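[1] Would you be able to build a 3D model of this:
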Amino acid sequence: MPNPTIDLMIQDKAEKIPPHDGLRPAVQRSPKLPALAASAAVALGVLCFANTASAGGFVANKYGGLYGNANADGGLAMYWNPARLAEREGFFATVDLNYFNRSVTYERRSADDPNRPADHHLCNNNDFGVDYCSRREEDIYNTGVGTLSNQGVLPYFALGYGLDLDLGTLSFGAGFYPSFGGAAKWDKTPDVYDRAAAVDAEGRTAAELQELYPGAIDGPNRWTNMETELLVLDYALGAGIKLADTGLSFGGSLAYSQISINTVRARTGIKTDQMRSEDGANNIEGSLHYNGTGHGVVFVVGASYEWETLLASVAYHSRQNVPVEGPLRQTIADDSVAALDFPLPDIVDVAFAGTFGKWGGTVALNYVNWSLVDVHKVIIPPNAPVLDLRRDMEDTLAVRLLPTYQLDRETDFRAMVGYEGSAIPKYNMDAGLMDAPKYLFGIAGRYGTEDYRVSLGYTHEMLLEVNVTENIHEPPQTGKYNDSRHFVTLSLEMFL
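    Next up is the predicted model:
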């Protein structure tokens with residue numbers, strides 16, 4: 001989810017500097033050639049790493065790290081708040097690389113677990129009007145711990161130009177970045193067959209059991225997610241104006257979004273996790289693979305007000321309901337083309353900042369209207385449902401406190417503590433759509449001159465463990481969920 005920030009401008013003793021989110025100290029200008037060369041090198045790095053962004057882990061828009069929010073200026077304003085584009089005259093560009101590392105465990109419980117309510121064993125009342133339950137001897141293949149450990153690099157690039165007019169500063173910008181997404185590939189669990197062989201009543205070997213239950217190697221998570229990639233790429237144009245002698249700025253942007261969804265899950269024709277037929281003669285577990293693409297348009301509008309050493313900004317990111325279409329491959333049915341209406345939420349970012357001597361602080365708020373997502377339905381046109389997943393998502397609010405210390409005119413350090421709620425209710429949790437209340441921690445530093453700024457920061461999202469005992473999915477996804485996310489952000493900004 002989006003995150004906010006601002007750089008608090010502080011100088012020695014009584015002299016006050018307006019709280020711009022960027023450093024423009026009155027120091028001797030360094031040559032522009034080194035800044036250009038450094039930016040070109042990092043831009044080349046973006047091209048090298050771009051393909052890994054959707055292939056390896058949790059993708060989140062942490063652009064700017066602790067220095068990215070509704071108060072951010074320069075190239076970061078193209079995503080966070082176009083009103084802040086107008087803080088500078090001349091050319092500016094930003095390259096941001098965000099390394100992410102995500103570790104997840106999902107422990108699915110046995111039907112005999114005493115912590116699992118008796119009426120929530122692995123059964124479903126389904127459309128066939130019959131109680132289909134998992135075979136108790138199959139529990140070992142459907143329970144246990146699934147693990148995921150993914151990492152990758154998320155790139156961001158934006159540039160712009162500001163004009164000095166009688167009315168004020170008018171700036172134009174362009175940007176390319178993933179605005180939303182996630183990727184997860186769960187680990188294989190070949191050891192399940194050794195565990196099953198050790199207790200098999202018929203004395204069968206691990207190899208024999210793998211032939212009978214081949215799907216178990218994909219882990220207990222496989223009934224909702226073996227592998228998923230979701231990526232929304234935005235190509236944006238924006239403009240901002242800062243009105244002379246008022247402290248007021250306004251801006252907006254319009255982006256063309258390309259969306260891709262690729263997901264694989266296990267599936268049976270009776271919507272349970274029963275792996276073999278009632279007589280044990282046939283394997284009935286199959287898989288579903290959907291790969292859809294779509295496109296849409298999103299806009300962002302924002303405003304900012306600056307008064308002496310105080311700064312306040314707000315930005316609104318519009319919702320989208322994107323029609324997605326693509327091939328659907330199933331081992332339990334014929335291949336086809338399927339459609340999905342994929343909603344993306346409204347987002348509101350707010351930031352308040354002030355400076356007090358060498359110290360400063362920012363309060364950054366992020367609201368996401370997730371409650372508009374009540375269902376994910378994949379259909380074969382005109383209206384034959386293949387997946388009809390109730391979501392009942394909930395709105396979230398993230399609050400971050402960002403104290404800042406200005407060491408000198410070029411260097412500052414920043415810390416972060418915060419909290420964000422969960423978008424997923426416990427009864428609707430599954431391995432393909434996980435969230436939890438989370439504590440946010442971070443530390444960062446930045447060095448800047450008139451020609452460039454460089455920042456490096458670390459963020460940790462510590463999600464609370466979720467213990468699910470009631471679940472609506474078919475088959476049910478009860479158990480314990482744990483998720484930990486780490487981000488390292490490197491930003492280079494150039495000004496000419």
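[2] C-alpha only now, for contacts and for neighbours.
    Will do.
[3] Ala398 versus the closest residue to Leu310 other than its chain neighbours, what's the distance?
    In this structure, Leu310 finds its nearest non-sequential neighbour in Gly354, 4.5 Å apart by C-alpha to C-alpha, 6 or more residues apart in numbering. From Gly354 across to Ala398, the span is 20 Å (C-alpha to C-alpha, to the nearest Å).
[4] Name the residue in the two with the higher neighbour count.
    For Gly354 versus Ala398, neighbours defined as other C-alpha atoms under 10 Å are more numerous around Gly354 (27 against 23).
[5] I'd like the next helix or strand past the helix or strand of the chain with the lowest mean pLDDT.
    When each helix and strand of the chain is scored by mean pLDDT, DSSP states H and E, helix 32-49 comes last, with a mean of 36. Downstream of helix 32-49, the first helix or strand assigned by DSSP states H and E is helix 77-80.
[6] Quick one: distance of that following helix to the chain centre.
    16 Å (C-alpha atoms, centre = their mean, to the nearest Å).
[7] other SSEs contacting the helix or strand following that helix?
    Downstream of helix 77-80, the next assigned helix or strand under DSSP H and E is strand 90-108. Where contact means 3 or more C-alpha pairs under 8 Å, 6 or more residues apart in numbering; DSSP states H and E, strand 90-108 is packed against helix 32-49, strand 144-164, strand 479-495.
[8] Swap in 6 Å and give it another go.
    On a contact count with 3 or more C-alpha pairs under 6 Å, 6 or more residues apart in numbering; DSSP states H and E, strand 90-108 meets strand 144-164, strand 479-495.
[9] got those strands as JSON lines, with distance to Val337 and mean pLDDT columns?
    Shown next, in JSON lines, are the helices and strands packed on strand 90-108 (distance: least, C-alpha to C-alpha, whole Å; pLDDT from 0 to 100):
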{"stretch": "strand 144-164", "distance to Val337": "30", "mean pLDDT": "92"}
{"stretch": "strand 479-495", "distance to Val337": "33", "mean pLDDT": "95"}
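[10] okay if I get those strands as TSV plus distance to Gly294 and mean neighbour count?
    Conversion of the helices and strands packed on strand 90-108 to TSV gives the following (distance: least, C-alpha to C-alpha, whole Å; neighbours: other C-alpha atoms under 10 Å):
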stretch	distance to Gly294	mean neighbour count
strand 144-164	21	22
strand 479-495	28	22
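[11] and those as JSON lines, adding distance to Pro382?
    As requested, those are exported to JSON lines (distance: least, C-alpha to C-alpha, whole Å):
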{"stretch": "strand 144-164", "distance to Pro382": "36"}
{"stretch": "strand 479-495", "distance to Pro382": "37"}
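[12] Out of those strands, which gets nearest to Ser336?
    strand 144-164 (29.9 Å; C-alpha to C-alpha).
[13] Pull up the pairing partners for that closest one, direction included.
    Strands that pair with strand 144-164, judged by DSSP bridges, come out as strand 90-108 (antiparallel), strand 168-185 (antiparallel).
[14] do you know how far Ala423 is from Leu159?
    Shown here: Ala423 relative to Leu159, a distance of 33 Å by C-alpha to C-alpha.
[15] how close does the residue nearest to Val232 when sequence neighbours are not counted sit to Gly168?
    What sits nearest to Val232 in space, not counting adjacent residues and going by C-alpha to C-alpha, 6+ apart, is Ile259, at 4.5 Å. Distance, Ile259 to Gly168, by C-alpha to C-alpha: 37 Å.
[16] which stretches of the stretch 201-350 of the chain form helices?
    Assigned by DSSP state H, counting those that start in this stretch, the helices in the stretch 201-350 of the chain fall at 206-212.
[17] what residue ranges in the stretch 101-250 of the chain score low on pLDDT?
    Within the stretch 101-250 of the chain, the set of residues satisfying pLDDT under 70 comprises 110-136.
[18] just to revisit the earlier point, can you pick out the residue with more neighbours from Ile259 and Gly168?
    Ile259 (22 against 17).
[19] Tell me the bridge partners for that one.
    Val232, Gly294.
[20] Can you name the residues that contact the residue nearest to Leu310?
    309-310, 360-361 (C-alpha atoms under 6 Å, 6 or more residues apart in numbering).
[21] what do you get for Asp451?
    If you count contacts by C-alpha under 6 Å, 6+ apart, Asp451 has them with 494-495.
[22] now swap in Ile379 and tell me
    Applying C-alpha under 6 Å, 6+ apart to Ile379 gives the contacts 338-339, 385-386.
[23] Over to Ala436?
    Ala436 touches 422, 463, counting by C-alpha under 6 Å, 6+ apart.
[24] how near is Asn142 to Tyr316?
    Applying C-alpha to C-alpha to Asn142 and Tyr316 gives a distance of 44 Å.
[25] hmm, back to that, nearest to Leu154, out of the strands paired with strand 144-164?
    strand 90-108 (4.9 Å).
[26] Show me what counts as buried in the closest one.
    91-108 (16 or more other C-alpha atoms under 10 Å).
[27] Contacts made by that strand with the rest, please.
    For strand 90-108, the external contacting residues (C-alpha under 6 Å, 6+ apart) are 75, 143-162, 479-496.
[28] repeat for stretch 239-251
    For stretch 239-251, contacts defined as C-alpha under 6 Å, 6+ apart pick out 82-83, 85-86, 167-172, 252, 301-306.
[29] Can you say which of the residues you listed are buried?
    Using 16+ other C-alpha under 10 Å as the burial test, the contacts of stretch 239-251 include 82-83, 85-86, 168-172, 252, 301-306 as buried.
[30] what's near enough to touch the residue nearest to Val232?
    Going by C-alpha under 6 Å, 6+ apart, Ile259 touches 231-232, 293-295.
[31] Can you check the distance spanned by stretch 202-214, start to finish?
    Taking C-alpha to C-alpha, the first and last residues of stretch 202-214 lie 18 Å apart.
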